[in-house]
Structure formats: C-alpha cells, structure tokens
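1. Need coordinates for the below:
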Amino acid sequence: MHPFLILNPHAGRSRQGPDAERLRRAFARHDLRVTIALTERPGHATELARHAEGDPVIAVGGDGTVHEVIQGLDLERQRLGVIPAGSGDDFAWQHGLTGGLEAAVARIAGGREQRVDLGAWEAGRFHNNLGFGFEAEVNRLSHHVRGVRGPALYFVALARALASLRSYPLELTWDGGSFAGPLTTGALLNGRRVGGAFRLCPAARTDDGALDLVTVAAMGRWGIITALGPVLRGREPHDARIRRARSSWLELRAETPVPVYMDGEYCGEHRSLQARVLPGALRLL
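-> As a prediction, this is how the structure comes out:
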C-alpha cells in the first residue's frame, strides 16, 4: 500500500486546512509512506486522481473534494480512502467514516474494502446525490454565503432561496414510473443526507444497486418549512406532494432550464438529463 493523498487546503471553507505534516506522521505510525498533493484550483483534484500512481487514492477534504477525486479515479484499479475535513461531509457520515484523523488513518491502513454504488450522468459521476430545482438553487446560493461554516451555511442559503421560490414544469421518467407537471424540487439520491443536516431519504443505501428518487410537487414556502422538521430528524414527511421511488435510471425533460447540482457542486441549468446507477462501482476503504 502506497497511499496517494489529495489534500484540499481550503476544505471546510477555512483559510487553514488539514496539515500535511500531521498527515504524514499519522500514516508513519502505521509504517506507511505517503505522497501528498495539494489542490490549487477547482477541478485540480480530478487531474491529480487521474494521474495518481499510488493506491489507495485518499481524498482529504469535504464532499466536493471526494466528488472531484471520483471523477478521475480508475474504478477498477484504484481504491478510495476519505479523511473528512469539509463543511457537510455527507459521504463520510453515510459510511461511518468519522472519529477524527487517527481513526481515519487506522481504517485506511487496515485495508478493509467495501463496494459502493455511484451515480452517473452527462456531467460525470456522483457519490451522494443529483438534485434539481429548489434544492439546486439552495446549493448555488450556498457558494455565496460568507462568514458561516458547516451546516449553518446551508440554512442561510435555504432562507435566501425561499425568498424566490418557484416551481418548474417538467417530465420525469424512471423504471417503474413517471411524473409530468410543476415540480418544486427533486433529488436522485445515493446517500441519505445532503448539506450536512438534511436527511432527504432515511432509507437510502449505497450498496443496493439502485438510486432513490425524491420529488416535491408544487409547494409554497410554508409547505417547505413544515417538511423541514421531519427531514432534519431523519423521518418521512407526511405530505402527499412528497413522493419517493427506487430506480436504476432517471430521465428529465423540462420546458425551461432547471438548476442542477451534484455532490455539492452547482452544474448550471439544464433542459434535459439522463442519469443511471453504477452498482458497486467504487472500492471504498
């Protein structure tokens, strides 16, 4: 094992991210020599992963860093390790990859591998979720929130997005169902939680060979606020406008462009998209 660490020095939106020398010492205690590469710009983690010679490739950062690394990872040849250091760390939470640096290094050094599903669409792979509509607008606005870290920044963005809440006329088709009409928001989920706090689908699993689709039909501000209580507690909201389904693929078509994001990264507006599950594609330590 020769771990190749991809370190985001600005993880968690802090000026001083994880310390490279502390990482080296932690791995040295397990007799492991590591290579550490620091990201310098958006998309750089993907480039580093694509040319990484070591194994496993370890993402040191948040969900955005994990997302970029997965884009460049050789899924057949390389394993992924995660040392969480972000604002939300939803992927790490989903898989119990918590407990601090020493616990993360010990887990990676142990070498125990699990197979994890991924999602994929035209813009790349996603490990946690693909969201569209209101949820994507919250994500877009979160990148403009200053002076707040962790899940709190998503609550600030949520409040801002509610001020301009709208619905999107669109058509959805998946293996087992369809929807046509105005939709406030939708998400195709691999994991249970987004934004460090919002458990959109408590039953979602990353090893079942399927994705979970959550749709919210046209709903006003009070409906969104009312639904947040159960979502934050990890319970199912009792509202007929909120529906869930399991699927291996999804096709979206919209009359007007709909905002889309995946794994915390805003992807712009789209009139159409096609997504599918990649069962057990990721080798996770």
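
2. With adjacent residues omitted, what lies nearest to Arg79?
-> Pro56 (3.9 Å; Cβ to Cβ, 6 or more residues apart in numbering). C-beta: built from backbone N, CA, C; applies to glycine.

3. what about the one you found, neighbour count?
-> Burial of Pro56, expressed as a neighbour count using other Cβ atoms under 10 Å, amounts to 23.

4. you'd agree it is up against Glu113?
-> No. In terms of Cβ atoms under 8 Å, Pro56 does not count as a neighbour of Glu113; the distance is 9.0 Å.

5. Now do the shared contacts for those two.
-> Arg79, Leu285 (Cβ atoms under 8 Å, 6 or more residues apart in numbering).

6. tell me the mean pLDDT for stretch 2-12?
-> What stretch 2-12 shows for mean pLDDT is 89.

7. now stretch 190-208
-> So the average pLDDT for stretch 190-208 ends up being 88.

8. from the chain's centre, how far out does that stretch sit?
-> Mean-position distance between stretch 190-208 and its chain equals 9 Å (Cα atoms, centre = their mean, to the nearest Å).

9. Quick one: end-to-end length of that stretch, please.
-> End-to-end distance for stretch 190-208, by Cα to Cα, to the nearest Å: 9 Å.

10. could you list every residue that touches the residue nearest to Arg79?
-> Per Cβ under 8 Å, 6+ apart, neighbours of Pro56: Met1, Pro3, Phe4, Gln78, Arg79, Leu80, Gly81, Ile108, Leu285.

11. List the contacts of the last one.
-> Read it as Leu285. Pro56, Arg79, Leu80, Gly81, Arg107, Ile108, Gly110, Gly111, Arg112, Glu113, Gln114.

12. 6 Å - rerun?
-> Going by Cβ atoms under 6 Å, 6 or more residues apart in numbering, Leu285 touches Pro56, Arg79, Gly81, Ile108, Glu113.
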